[in-house]
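1. Provided below are the primary sequence and the corresponding predicted coordinates.
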Amino acid sequence: MLNILMIGNGQCGNRILDAVNRESFGSKSKFAKFYSKQKFKSNVETIAVNTAINDLKEMKFTKAKDRIHIPHLHGVGANRNIGKKVFEDNKEQIMRKVEERGRFDVAFVITSASGGTGSSFSPLLVKELKERYDYPVYSIVVLPFREEGTLYLQNAAFSLREMRESGTDGIILADNQFLKQMGGDVQSAYDGINSMIARRILFLIDSLDSEMMMVTDLGDFKTVMSGGAGLATVGFYGGDDGDMSVKTSIQKALSPPGLLFSTDVYEEASRAMIIIKGDRKYLNIDDISHEVEKLSSAIGHVFKGIIIREGEYPQVLVVLTLESTSELEKMYSAAVEAINMEREKKSRVESQKDMDKAFSQIEGYEPSY
Ligand SMILES: Nc1nc2c(ncn2[C@@H]2O[C@H](COP(=O)(O)OP(=O)(O)OP(=O)(O)O)[C@@H](O)[C@H]2O)c(=O)[nH]1
């Protein structure tokens, strides 16, 4: 049995963690957390951290003891310099909570790249975890909608770089911009994206701790995640409304609607792990081998795991590390433009000392009516 730690930082991290708990308690009822047992075979401990109390209160499926409030007004307002300072001032409190939970085999830290709290806490937290413990720590980082503005874009660029330098064992990217194809209003888009991410995490955890027909385990996952440029994404397809064909399911898990981040897997991936679950009668070995070979001949090594689940349609999860990513290059160019725009604005504001001159003209005067 694996001991797994999952920490969600900031509003986005909290909400995804809550979606993980909702899926894992297997009930849409908010009371499920009080009386049901998690669906996990593994021992999964969840911790939500936030500076904004309202974001923590909003969580419906995460126990109160799993929520840590670090008081700082109502969040840090997308200011990462403040966020980093608040983390340093409260680091020991957070690390004590982690220590109390015992020993782990693996940890996941979930955050958005672009807000203030999560994006500044997470790289520092990963660094602390890596210094104090010897288990692998993976980060799940959500990129912003590109139209959310200059501050979020520059935050995303810097926090992702800091995350790579934090000592994390790999970064799994999910991109709001790419996933917005789900449509609907913002709240339902968030809910949809969060559920997509949560389901993939749960499937991964479940399979790392399963007895498979063909085995992939935590060791294989580590090897996959250590490949490429330290960045990865995850694809998934299948389930009740999926397809009976395992071939189609693998292809769909590898195609844009199945992925959390925009990439051409045959061009940009570096290593992969494919986990296939379902009833024996759907899992045609020739079809599986054909699809896996197609991928491995394009990218190199592909680990393969098969889990037999009676009566279930095929479900396919793919973890892919990326060698390069044209989408991130585009995001970084946009971030540079955003930084320049903010700089120009700042220097314009400074040159608006003229405004002071204008005000000084009425010095000593009172309105006269
Ligand atoms: N996928 C997804 N993205 C979200 C969600 N909530 C916020 N975001 C994204 O997260 C980014 C903002 O980060 P937050 O997590 O809200 O910020 P925070 O870490 O709480 O930091 P502050 O509020 O600035 O203290 C934006 O790019 C949002 O689009 C969510 O529930 N799901």
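-> That came through fine.
2. Can you check the pLDDT for A174?
-> The model reports A174 with a pLDDT of 97.
3. Unless I misread the structure, it falls within a strand.
-> Yes. Under the criterion used here (DSSP: H, G, I helix; E, B strand; the rest coil), A174 sits inside a strand.
4. Looking at the lengthiest helix in the chain now, give me its mean pLDDT.
-> As assigned by DSSP state H, the longest helix anywhere in the chain is helix 326-351. Model confidence over helix 326-351, given as mean pLDDT, is 89.
5. Show me what that helix is packed up against.
-> helix 150-165 (3 or more C-beta pairs under 8 Å, 6 or more residues apart in numbering; DSSP states H and E). Any C-beta I mention is one placed from the backbone N, CA and C, and that applies to glycine too.
6. now the helices: where do they sit in the stretch 1-150 of the chain?
-> Taking DSSP state H, counting those that start in this stretch to define them, one finds helices in the stretch 1-150 of the chain at 10-25, 32-35, 53-57, 80-100, 117-132, 150-165.
7. does I307 count as helix, strand or coil?
-> strand.
8. Could you double-check that it sits in contact with D279?
-> No. Counting by C-beta atoms under 8 Å, I307 stays clear of D279, with 10.7 Å between them.
9. returning to what we had before: including distance to S207 and mean neighbour count, could the helices of the stretch 1-150 of the chain go into TSV?
-> What follows is those, written out as TSV (distance: least, C-beta to C-beta, whole Å; neighbours: other C-beta atoms under 10 Å):
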stretch	distance to S207	mean neighbour count
helix 10-25	14	26
helix 32-35	23	14
helix 53-57	30	16
helix 80-100	25	16
helix 117-132	23	24
helix 150-165	25	21
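10. what sits up against stretch 276-283?
-> Contact with stretch 276-283 is made by 203, 207, 238, 244-246, 249-250, 288, 304-317, as judged by C-beta atoms under 8 Å, 6 or more residues apart in numbering.
11. and those residues, which are buried?
-> 203, 207, 238, 246, 249-250, 288, 304-307, 312-317 (16 or more other C-beta atoms under 10 Å).
12. So which of those residues sit within helices?
-> Using DSSP H, these in helices are F203, S207, V246, S249, I250, I288.
13. Contact partners for the first one?
-> If I follow you right, that is F203. Contacts of F203 by C-beta under 8 Å, 6+ apart are F236, I275, K277, Q315, L317.
14. Much appreciated, bye for now.
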